[in-house]
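**Q** Here you go, sequence then predicted model.
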Amino acid sequence: MSTSAVLAPAILPRHIAIIMDGNNRYGKANDLGHGQGHVAGKDALDPVVDYCVNTGIEVLTVFAFSSENWQRPPSEVALLMQLLTSTIHEQMPRMNEYRIRLRFIGDRSQLSESLQTLMADAEEKTAEFDAMTLVIAISYGGQWDIANAAQQLAQQVQDGELKPEDVSEELLGNYVQLADTPAVDMLVRTGGEYRISNFLLWQSAYAELFFTPTLWPNFAAEELALMIAEFAKRQRRFGKTSEQVVIEQQGH
């Protein structure tokens, strides 16, 4: 894995989430065939993973296919499923070599049995790796995630295991996807849009947001490094005043 020439700042985000947007527009702008922008986008992931693992990022979560993407033309959905399968096969040697844990989040019930099996196998084979965790969101939606967590708690209330008043933010947070990872510190969206499109709504409650006009296939580790440098300059208050944050930092 190549190390980026751009040095990482002292203050690093533990968890970076990326909405990889702009593949179709890249394909059209470059006169590529139907769906070939997604193929180009698949190749853009490796350098970003390289940079993150070399920099010391703990978790990188990428939005590969949303729950809303099922509404796209069937031919495009089929291509995306094929690319996801190819991506998992291609990533496994890298995961093994660099000891990166591979995980998936989303509603797997809508996926083919073969893809579900491939995902579960990849997760099992990399479960003990600890250099970094790469999370791929497939058939994922933030609202689905929160509703799914609420359903699990509702079932416990119905079964008499919980009282309604026992349900808290902390308890609900234990049932959303990625409950065992750090909250998202930094959320990046490529492609020039200014929205988070139902991605990791709960997990990104206090994330720093970064938007870039760069289309995902053109997004490079160097641009991510500049964003991380900007992240290090921001004061994250979590509801407190600037003065309180300064005092806490001085206390450490």
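**A** Right, received. Where do you want to start?

**Q** For the residue with the largest distance to the centre of the chain, give its distance to Leu171.
**A** Taking C-alpha atoms, centre = their mean, the residue of the chain most remote from its mean C-alpha position is Gly160, at 35.0 Å. Distance check for Gly160 against Leu171: by C-beta to C-beta, to the nearest Å, it reads 16 Å. Heads up, the C-betas are built off the backbone N, CA and C, glycines and all.

**Q** Likewise for Ala149?
**A** Between Ala149 and Leu171 the computed distance is 9 Å (C-beta to C-beta).

**Q** out of those two, which sits in the more crowded spot?
**A** For Ala149 versus Leu171, neighbours defined as other C-beta atoms under 10 Å are more numerous around Ala149 (19 against 13).

**Q** Was I right to think the more buried one contacts Val176?
**A** Yes: applying C-beta atoms under 8 Å, one finds Ala149 in contact with Val176, separated by 4.7 Å.

**Q** so what sits against both of those two?
**A** By the contact definition C-beta atoms under 8 Å, 6 or more residues apart in numbering, Ala149 and Val176 are jointly contacted by Trp202.

**Q** Not counting its own residues, what contacts stretch 118-126?
**A** With contacts defined as C-beta under 8 Å, 6+ apart, stretch 118-126 is touched by 85, 88-89, 91-92, 95-96, 100-104, 108, 111, 138.

**Q** pLDDT (mean, whole number) over it?
**A** Summarised as a single mean, pLDDT over stretch 118-126 is 98.

**Q** Report the buried residues of it.
**A** With burial defined by 16 or more other C-beta atoms under 10 Å, the residues of stretch 118-126 counted as buried are 118-119, 122, 126.

**Q** mind listing what the most centrally placed residue in the chain touches?
**A** The chain has Thr61 as the residue nearest its centroid, 2.1 Å off, counting by C-alpha atoms, centre = their mean. Contacts of Thr61 were listed using C-beta under 8 Å, 6+ apart, and they are 15-18, 105, 135-137, 178, 184, 200.
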